[in-house]
Structures are given as structure tokens and as C-alpha cells.
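Novice: prediction below, plus the sequence it came from.
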Amino acid sequence: MEGESLITIVAIFLAAILIGIFPMMALAERNDDISELSVQTAIADFVNTARKTGKITADGYDKLVSSLSATGNTYDIALEVKKIDENPSKKTTQVDETKIGENIYYAEYTTQILSEVEKSNKYILKEGDILTVTASNTNSTISQMLKNFFYNLSGQNAYRIVGSQSGVVSVTGS
Amino acid sequence: MKLQNLLVIFITIALPVILILSAYVSNQLDTARLKAEYSSRLLDATHDAVTSFQLNSTNNKYSSVADSLLRDIEGSINTFETSLSTNLGYSGGSSSYVMSFIPALVFTLYDGYYIYSPSLNESGAFEHSLKPYVYYTKEYTDGYTDIIINYTLDNYVSVYCADKRNNTYQSRAGYLEVLAQNQNSSKGLYKNESTGQIKYNGVEIPKDEILYEDKYRFNLNSTGHVENWTVYGETKASQVAYNYYSEAYDFTKWYNELIGKLSGATPEYQEIKDKLIITLDNVPYARESSKFNDEKYDVIEKTIVNNLVQAMNAYNTYIDNEFKMPELTGEDWDKILNNICLITFMQGMPCGTTLHNDYVILPSSENEQFVNENSIYYIAFDSNIGEYDDSKSYTYHRIGCPYLQGDHIIGYNRLDFMRQVAINQDSQSGGDKLKELDSEGNEREIYYYKHFRENACYYCMVNATDANIETLKNNDSFYDQKVLAYYRAMARTKYELAKVSDYINDSNMQSFNSAMSSVSFQNR
């Protein structure tokens, strides 16, 4: 009799997990996947537009931020522009300018880029620069909370939704 | 019912739903990633094609000659095919498979455009081919006078006019400039026809301009390879900028008179005249809003869209799924109407569960077909042009850069700052590329810069800061020198571009015109 009640309790407990938490976790994870999909699409759009037009505009950045926040999460958006400096390779007539290592890049990051966008509404890129955008969520999503319930996720890289895109700028902006 | 039964029922219902949903979502994710990748690959391939066009045409002295230009375009198309198919993993023989998803490539050039699209060949199969060059052109007529105008991306036009009443035939090509009302006008072009004095927007354009260029002397060894080389500076006086304004003045005067002769009485003709006659309110310059530009853009847009739709329709008969020409946005047209562009379309590319359609419009900034204010870089000299002080470092700038400071400022086409292949200009082996031997005894090509000593300015060039001359107007002590340099450099670089329709100003063509004038037009 005692053994049967124990089994029933275990069964109820299992049932609760299977009926409630397991589908919820699965759905929450799918929800995150969908969020990631829209984050990835928004970032790819943003980067490709910047590559085609040669500039990061305040408008384009606002659009990126609003389509990210439409997923219901908060994000950390990291921008990086690697600027090509062709001057060093000009010093000799013999180097191959397409060879890796002959050109020197220096980088500007999110705060520098955004302060320029704020100041003049755009950040001009030139042909050959490399733009990289990465976004990762800063809040905990439901799926993360549920996971934390079972096993603890901690540390800096505990984000669930991440999107990233980079590419060489094809045209000098104006 | 026992709890276990409920559990089993639940699991049999919920598990497949969850599995299917999960598979579906991950499929959608893959599709979205693939779409982003295809878009990016199309952009990359288009960029490669534009770069190839730029490289070929800048290292090809004859790129403005029709046949030679065609070769550069075909090279660019090949690059596109190879780049796209390799990027998508279909290199080699299967590149034609990838190309079957490309309904059209459009090269919009200075005064017309090429379309590369599939059409039926002799054996009844669809094959991509380059269609004949189409000019941006329109005919205006009042019933007595037929005027055909070929527009270009800037203020250059070619005009062909047949007057049926007097049986006269005229044709001329040149730059349109707004004419100033008098010598003291701050806007427009003024020319004193007796003294030849020229003022542009109130700034006097002197006849002579001293230009500076680095010249190279390559010493060859007995095997014909370059042993060593020296750079020396050369200055020369140029009147090109002055000639540009002088000729533009004459041309615009002739043009305005010609259009003014359209004599139809209905409001329609008045409207044509309003659109085409150049006045202070109706300017012909790119990126300015005026009736002339509206008309020009209308002509360019219509001709491109019409021909493209035709090409796409032909393509639709070749494929199963229907493809509609995508609606190009205002921003797209802004690019096309103000730059030499390559437009590429991709359509029907299988992509996960869907088909992927996309297009890319990429402007080319380094070519010998077209210049705008961004295509000119400026060097400032303190006093003696061409005399370098080796202890200083020299830089080149955009016109609006605050670090461009000096009494003598000269602007050059940006191509002069790009690396070019050294070609032997010797009379015997002229035309061959110069080569040298590296330490392992392999041959390699030699490159040079026309302006070798100057480096790119870190403020305006490397950092690509938006630098506009207008912002300097009240707070730059070298503003006057900059404005003169700007007017001269724009004029010189525009004038030096070889144009296909230049021939109509030839003396041969003029005698052809007078011969044509003796033909009765009614009986043609």
C-alpha cells in the first residue's frame, strides 16, 4: 500500500513535469529560435544595406533596434568597423595589394560609431572596410529561466539568442 | 482512467506535435540563414563584377571606345558568373545552372546601358547574351522640327536636330551650364566674348593652370626586365578647365536658341520648352531638383524599366515559375541616376522550402566613364608646385577636408591615386606590361601611382568623413582657393573623359550635316 502511494506520487510528479514543464520548455525554446531567426534576419538586412550604401544611418540603426526589441527581449548590439588603411602598401610598388597581410586595418567599435551616428546622422564607410554586427540577448528568456530551474546556467556567455553578420563594404558612402 | 493512461495519451499527442513544430522551426531557421547567405553571395558576386569592371577599364586606355568597353563588360560578366557559382558551390561546368536563376544583369553607364539576359538562340535554347547598347534618349518634335536629345548622368548632352522647313540638319554635343546674366552675377557661367574672360559662379577661371604629375623612368636590363627605376616630377600648363567653360558657354547658348525655336502653339510645346531650356531656375546639374532633371530622370527610368521588363518577359517563357520585375525604390533610382551601376537580379533560386528572389544595385566609383564631386582628390602646395620638401609628408584630401590647406590647390581624378600597371611606352615594344624578376627569378608585374608621394589623409580619406565644401564657406581661410580648385578640377576631369558621342562635334560630322541639309526631309 505504501509502495503504491509512493509510485503514485512519483507518477504525479513525472506527469507534472511531462505535461507542464517539458512542453513549456520545448515551446519556450522554439520561441527563442523564432526570436533568433528574426534577430539574424534583421542584422543581415542591416549589414547588407550598409555594405550596399556605404553608410550606417541613424534611420537604419533605429530600424534594427526596433525590430530586435519586437522580439520581446533586450539585446546588446555590438558594432565593429575595421577600416582599411592603404597607405602602408603604397610605400612600395611591388607588393600585391590583394595579399593578406599587406594592408593594415584599424578598428572602431560601438560607442565610437554610435556617437558619430548621433552627431551627423550617419557613419560613412569606404570600399574595403569590414563591418561586423553581433547582437545577443541580455535578459533571461523563459527558456533560460526554465533551464535554470533544472540546471544552473551562469557566466558571461549565458545568452540564448544571438545573431551575427559581417561583410566587406562594397561602395564608398557619401 | 489511470493516470498512466492519461500520460501515455498526452505523450502520444504532444510529442509528435512538439517534434514536428521543432523540425518546422529549425527548417525555417535554416531557410532564413540560407536566404541571408544567398543575398550576401549575390552582393559579393556583384561587387566582384564591379571591381573587375573598374580594374579593367582603369588599366585600359581605350575603355571608352565601344569595342574595348564591350570587352571590359564581358570580363565583368565572366567574373560575376565565376564568383557567384563558386560562392554557391557550383563551380566549373555547373555555373550555367546558377546562371539559370539570373534573369538579367544591367550595366547602367554614362550615356546608356547594357542588358545581359537570356534569349532564344539559333538552336532554340535559351542562352544569356549581351543586348545592344541603349542610349538614354528621347525625341521632341513640334511637327516641323525634330530634336533628339541623348542624356547622360551629368550635364553633358548630345543633340540632333532636323528642321524640315529649311531642310537643315544640325548635331552637336557638349556640356550644359547655367548662363549668368552679367559679369557680376554670383551664379552661373559668364564669358566675355571679346576678351575671353570667364567667370563661374562669380569666380574668375584663369586660362592657364599648372598641373603636376609624377613620372617614372624604368631602366631595363639585357633580358628586357626592369633593373631599377626613378621617379621625377613634371609640371605642365593646362588650359583644359578654361576650355571646358568656354565651350560649355557656346554650347549652352546654341542649345537654348535651338530649343527656343520649337514653335508649336499648344501648351504642350511650351511645356517642352520649359523643361528643356536651361535657366537659373532650371539647372542641368546632377542631384539638383529642376524640371530638366525630372525630364532626364523620367527618360532614363522609362527606357531602363521598359527594356528590363521585356528581358524578364522573355525569361519567363524559359522558366516555370512566373517572375515579376521587382519594384525599384526611390533610393535605388537615386543610385542608378547618379552613378555608373551594375544591377543584378536573382530569382527562383531554391532555398529551403521557398524560392529566393533578390536584386542588388551597386554603384561603381572608380571608372573612366563618369566623375562626380566624390571622384576628385585634392593636393595642396605651399608655393612652388611640384617642388617637394622631403622632410614633410604630403597627403591628398577630399575638397571639404579642413586639413586641406595651401595657396595652390589642385584636384585630380581619384584614378590617378590608384595603383596602375606599368606599360612600356617605348616605340618598339610599346603596349607590353613591364616586368621585373623577384629574388626567386620569377617574373612579376610592376605597378605605379601617378601621385606617388602623397598618402591618403587620415581625417577625410581613411576615415571617410563626410566632407562637403559648403560647410567650409564661413570658417575656412583657404575657401577661395578651394572653390577655384573645385571648379577647375571638375571641369578638367569631365572634359578629359572620352565620350562615345564626341564624334558629332568633328569637322567630318559637320560636313555630313551640311550634306544632309540638302536632302529633303519630307521625302526621307
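Specialist: Looks like it arrived, so ask away. Numbering: from 1, shown residues only, chains lettered A, B, ... in the order given.

Novice: measure stretch B:175-192 end to end?
Specialist: 18 Å (C-alpha to C-alpha, to the nearest Å).

Novice: so how far is it from its chain's centroid?
Specialist: Remark: stretch B:175-192 is offset 27 Å from the chain centroid, using C-alpha atoms, centre = their mean, to the nearest Å.

Novice: tell me which residues in it are buried?
Specialist: Within stretch B:175-192, the residues that count as buried by 16 or more other C-beta atoms under 10 Å in any protein chain shown are B:175-180, B:185, B:188-191. Every residue, glycine included, has its C-beta placed from N, CA and C.

Novice: which SSE is residue B:303 in?
Specialist: helix B:291-316 (DSSP states H and E).

Novice: helices of the chain, residue ranges please.
Specialist: Using chain A. Listed in chain order, the helices found in chain A under DSSP state H are A:2-16, A:22-53, A:58-69, A:87-90, A:110-120, A:142-150.

Novice: meant chain B, my bad for not saying
Specialist: B:3-58, B:66-87, B:95-99, B:240-260, B:267-276, B:291-316, B:330-338, B:479-496, B:507-517.

Novice: need the ones you listed in a markdown table with mean neighbour count, can you?
Specialist: Output for the helices of chain B, formatted as a markdown table (neighbours: other C-beta atoms under 10 Å in any protein chain shown):
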| stretch | mean neighbour count |
| --- | --- |
| helix B:3-58 | 17 |
| helix B:66-87 | 19 |
| helix B:95-99 | 16 |
| helix B:240-260 | 19 |
| helix B:267-276 | 15 |
| helix B:291-316 | 17 |
| helix B:330-338 | 16 |
| helix B:479-496 | 20 |
| helix B:507-517 | 13 |
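
Novice: can you tell me which helix or strand of chain A has the lowest average pLDDT?
Specialist: helix A:87-90 (a mean of 72; mean pLDDT, DSSP states H and E).

Novice: picking up where we left off before, next, the angle from the helix holding residue B:303 to helix B:267-276.
Specialist: 100 degrees (axes from the mean of the first three to the mean of the last three C-alpha atoms, to 10 degrees).

Novice: angle of helix B:291-316 against helix B:330-338?
Specialist: 110 degrees.

Novice: just to revisit the earlier point, among the helices of chain A, which is nearest residue B:86?
Specialist: If you check each of the helices of chain A against residue B:86 by C-beta to C-beta, helix A:22-53 wins as the nearest, at 19.3 Å.

Novice: most centrally placed residue in chain A?
Specialist: Most central in chain A under C-alpha atoms, centre = their mean is residue A:135, positioned 2.2 Å from the mean C-alpha point.

Novice: closest to chain A out of the helices of chain B?
Specialist: Closest approach to chain A among the helices of chain B (C-beta to the nearest C-beta): helix B:3-58, 3.8 Å.

Novice: run through the neighbouring helices and strands of the closest one.
Specialist: On a contact count with 3 or more C-beta pairs under 8 Å, 6 or more residues apart in numbering or on different chains; DSSP states H and E, helix B:3-58 meets helix A:2-16, helix A:22-53, strand A:162-168, helix B:66-87, strand B:340-351, strand B:354-364.

Novice: CSV for the ones you listed, including mean pLDDT and distance to residue B:504?
Specialist: Output for the helices and strands packed on helix B:3-58, formatted as CSV (pLDDT from 0 to 100; distance: least, C-beta to C-beta, whole Å):
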stretch, mean pLDDT, distance to residue B:504
helix A:2-16, 82, 88
helix A:22-53, 88, 37
strand A:162-168, 91, 42
helix B:66-87, 89, 14
strand B:340-351, 90, 22
strand B:354-364, 90, 26
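
Novice: reformat those as a markdown table; add distance to residue B:197.
Specialist: Shown next, in a markdown table, are these (distance: least, C-beta to C-beta, whole Å):
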| stretch | distance to residue B:197 |
| --- | --- |
| helix A:2-16 | 96 |
| helix A:22-53 | 43 |
| strand A:162-168 | 49 |
| helix B:66-87 | 38 |
| strand B:340-351 | 35 |
| strand B:354-364 | 38 |
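
Novice: so which of the ones you listed is nearest residue B:418?
Specialist: strand B:354-364 (12.8 Å).

Novice: any idea which of the helices and strands packed on helix B:3-58 gets closest to residue B:218?
Specialist: Among the helices and strands packed on helix B:3-58, the nearest to residue B:218 by C-beta to C-beta is helix B:66-87 (25.1 Å).

Novice: residue B:259 and residue B:142 touch, don't they?
Specialist: No. Using C-beta atoms under 8 Å, residue B:259 is not in contact with residue B:142; the gap is 10.6 Å.

Novice: so the residue minimising distance to the centre of chain B versus residue B:54, what's the distance?
Specialist: Centroid check for chain B by C-alpha atoms, centre = their mean gives residue B:340 as the closest residue, at 2.6 Å. In this structure, residue B:340 and residue B:54 are 9 Å apart, going by C-beta to C-beta, to the nearest Å.

Novice: list the residues that contact both of these two?
Specialist: B:364, B:367 (C-beta atoms under 8 Å, 6 or more residues apart in numbering or on different chains).

Novice: in the sheet, which residues pair with the residue nearest to the centre of chain A? Tell me.
Specialist: Beta bridges link residue A:135 to residue A:77, residue A:163, judged by DSSP bridges.

Novice: show me what contacts it?
Specialist: So residue A:135 contacts A:39, A:43, A:68, A:75-78, A:162-164 (C-beta under 8 Å, 6+ apart).

Novice: distance check, it against chain B.
Specialist: Note on residue A:135: its distance to chain B, by C-beta to the nearest C-beta, to the nearest Å, is 14 Å.

Novice: just tell me which of the helices and strands packed on helix B:3-58 ends up closest to residue B:44.
Specialist: From these, taking C-beta to C-beta, the stretch that ends up closest is helix B:66-87, at 6.1 Å.

Novice: taking strand B:340-351 as reference, get the angle to that closest one.
Specialist: Using the same axes, to 10 degrees: helix B:66-87 against strand B:340-351 is 30 degrees.

Novice: spatially nearest residue to residue B:502 (excluding sequence neighbours)?
Specialist: Counting by C-beta to C-beta, 6 or more residues apart in numbering or on different chains, residue B:502 lies nearest to residue B:173, which is 6.5 Å off, once chain neighbours are set aside.

Novice: how about the strands of the stretch 151-300 of chain B, start to end?
Specialist: With DSSP state E, counting those that start in this stretch as the criterion, the stretch 151-300 of chain B has strands at B:156-163, B:168-175, B:189-191, B:198-200, B:203-204, B:209-220, B:226-238.

Novice: list the residues that contact the closest residue to residue B:357 other than its chain neighbours.
Specialist: Nearest residue to residue B:357, sequence neighbours excluded (C-beta to C-beta, 6+ apart): residue B:347, at 4.6 Å. Listed by C-beta under 8 Å, 6+ apart, the contact set of residue B:347 reads B:101-103, B:323, B:355-358.

Novice: turn those residues into JSON lines, columns for neighbour count and distance to residue B:121.
Specialist: Formatted as JSON lines, the contacts of residue B:347 follow (neighbours: other C-beta atoms under 10 Å in any protein chain shown; distance: C-beta to C-beta, whole Å):
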{"residue": "B:101", "neighbour count": "22", "distance to residue B:121": "19"}
{"residue": "B:102", "neighbour count": "24", "distance to residue B:121": "16"}
{"residue": "B:103", "neighbour count": "27", "distance to residue B:121": "16"}
{"residue": "B:323", "neighbour count": "18", "distance to residue B:121": "20"}
{"residue": "B:355", "neighbour count": "13", "distance to residue B:121": "26"}
{"residue": "B:356", "neighbour count": "19", "distance to residue B:121": "27"}
{"residue": "B:357", "neighbour count": "19", "distance to residue B:121": "25"}
{"residue": "B:358", "neighbour count": "20", "distance to residue B:121": "27"}
